[in-house]
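Student: Sequence plus predicted model, see below.
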Amino acid sequence: MNRGCAPAAPNRRSGRSIATIARLAGVAGTAALAAVVLAACSGGTSVGGANAAGKTDSSSPFGFKTAAQDANADITVWVDSTRLDAAKAYQKANPAAKIKIVTYDGNANGSGTLKTKTQLFDKAGSGWPDVVFTTDNNSASWGSQSPSYFTAPLNKGLIDSSTLSGFAKGALDPCTVNGTVYCLRNDLAQDVLWYNKKLMDQWGYTVPATWEDYQALAGKVATEHPGYLVGTAGDAWTPEMYMWGSECPANQVTGAKAITVKATDPKCVRAATMLDSLIANKTMSTLPIFGADFAKTQGSKVLMMPGPAWYGGAVFQGTIKTPKGEIAVAPALHWADQSTPVTGNVGGGAWWISSHSKNLAAAKAFATWVTTSDAYQADLSPGFPAYSSAAAKWIAKQQASGYWANDISAPIIAAAGEVWSGWGSPEFSQEAVWSKVVISGMTQGKTIASLLPAWQKGIEDQAQVFGYTVGK
């Protein structure tokens, strides 16, 4: 099972600018929770009050039991405030489409809203949305399983193979379970190396290609330009940049309810040791990047910063407001012993079609359009599109803005296909574990390397709470 990338995160992900951080909380129309009338199923029966849609059915053209279909039925689409533009763009392009748009928190910050609401709808036997956007990619970890089977399989006949093949390499891995694809990725959040070209040229530094080079350059910066930074380690998604890119096997989902945790593996230790050395020489910030203190006290001191594709707009243009013509992008850093360069991923959202939908044709049309159409993905999307043809146009548009100090296209496009598939998306939030164990330990003066055993135990404990079998 591959579920590789992105965990619940603050709502600045998926390329969102600071201006679009505000969210519309809550879900409208929850009066349906009181309904007890069960939706009809094609050949299905109700179990515990829940619609039997979604279960495997070899006789179905889609590979799962469907609700009784009605081509004239409205579809309900849940979006977060940032993806509201996607739904509106679809309505504009398809004025005859009958859709009801509901805004909710998008599962941001690990809220679990979708799962909680789905459980209530399962009990009521109605109320499920037809299409949902989430800021995380791990809804397949519970939505593909009994009793809800909420997330519809997409590669068994529902979504055209030609559409699925148009996504970037590995883009659908986070929501693929035992070969079955359950989502269409909206955007990617592959890590690259951002750097201040003006300062690098002024100081005669060579842009590093490996983590070893990066660490060595940080040592020079500490001595020659104290106060300048080469990265940040104060956020909950820190492991998704440094541990993920190091192929640290702390988060390998191997089954619907199985995970392997090896947080003290040498590949985890090398990343932790590097971070500790940079924190010690004060070239690695331990402040949250979107906190007021970072922008105020350290924002002008960033020489380099490993981070996702969305850092360009959200961090450099939005938060720290680096002047035009200074920021450039280099290929994702890799360790010298990695035969094939890999990188991490911080965020990137996904669209899910409900197996309970009574109008799968309309749900398919919506989900396909918002993930592949240039009218949204190339022209309006704030993040790097997961669909390759739209991504090429999106990056060209960013380049044409004149903000960047180099051609950012090649390294960002290359990194999209280099995200390591060994980092899983379990049902629980890895970021919450990192915050509770590692960030809290760092505030007490402990090193990250010394906290790896505690991180291991924290992941194991959380996995067991959610019923996972833990391997080591």
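Tutor: Alright, I've got the coordinates.

Student: domain ranges for this structure?
Tutor: Under the assignment automatic domain parsing, the domains of the chain span 18-188+347-386, 191-344+413-471.

Student: Least reliable of those by average pLDDT, please.
Tutor: Lowest mean pLDDT of those: domain 18-188+347-386, a mean of 84.

Student: Can you list phi and psi of residue 108 for me?
Tutor: Main-chain dihedrals, residue 108, degrees, to the nearest 10: phi -60, psi 150.

Student: Wasn't residue 254 part of a strand?
Tutor: Yes: looking at residue 254 with DSSP: H, G, I helix; E, B strand; the rest coil, it is inside a strand.

Student: Residue 297 versus residue 312, what's the distance?
Tutor: Separation of residue 312 from residue 297 (CB to CB, to the nearest Å): 22 Å. All C-beta atoms are positioned from the backbone trio N, CA, C, and that covers glycine.

Student: Of these two, which one has the most company?
Tutor: Taking neighbours as other CB atoms under 10 Å, residue 312 and residue 297 compare with residue 312 leading, 24 against 13.

Student: I'd say that one and residue 398 touch.
Tutor: Yes: look at residue 312 against residue 398 with CB atoms under 8 Å: they come within range, at 7.3 Å.

Student: Name the residues contacting each of those two.
Tutor: Shared contacts of residue 312 and residue 398 (CB atoms under 8 Å, 6 or more residues apart in numbering): 404, 408.

Student: for the host helix or strand of residue 370, packing partners?
Tutor: Applying DSSP states H and E as the criterion places residue 370 in helix 360-372. Applying 3 or more CB pairs under 8 Å, 6 or more residues apart in numbering; DSSP states H and E, we find helix 360-372 packed against strand 75-79, helix 84-93, strand 131-134, strand 184-185, strand 350-353.

Student: would you list every one of the helices in the stretch 301-450 of the chain?
Tutor: With DSSP state H, counting those that start in this stretch, the ranges of helices along the stretch 301-450 of the chain come out as 311, 360-372, 388-399, 409-416, 430-434, 440-443, 448-465.

Student: Turn the helices and strands packed on helix 360-372 into a markdown table, including mean neighbour count and distance to residue 258.
Tutor: Listed next are the helices and strands packed on helix 360-372 as a markdown table, based on neighbours: other CB atoms under 10 Å; distance: least, CB to CB, whole Å:
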| stretch | mean neighbour count | distance to residue 258 |
| --- | --- | --- |
| strand 75-79 | 26 | 29 |
| helix 84-93 | 17 | 34 |
| strand 131-134 | 28 | 23 |
| strand 184-185 | 26 | 24 |
| strand 350-353 | 28 | 22 |
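
Student: how about these in TSV, adding distance to residue 226?
Tutor: Converted to TSV, the helices and strands packed on helix 360-372 look like this (distance: least, CB to CB, whole Å):
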stretch	distance to residue 226
strand 75-79	46
helix 84-93	44
strand 131-134	42
strand 184-185	41
strand 350-353	42
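
Student: so which of these comes closest to residue 112?
Tutor: Smallest distance to residue 112 across the helices and strands packed on helix 360-372 (CB to CB): 10.3 Å, for strand 131-134.

Student: contacting residues around the helix or strand just after that closest one?
Tutor: Sequence order places helix 140-143 as the next helix or strand after strand 131-134, per DSSP H and E. Helix 140-143 is touched from outside by 3, 115, 118, 148-151, 174-177, 182-183, 253, 256, 352, 425-427, with contacts defined as CB under 8 Å, 6+ apart.
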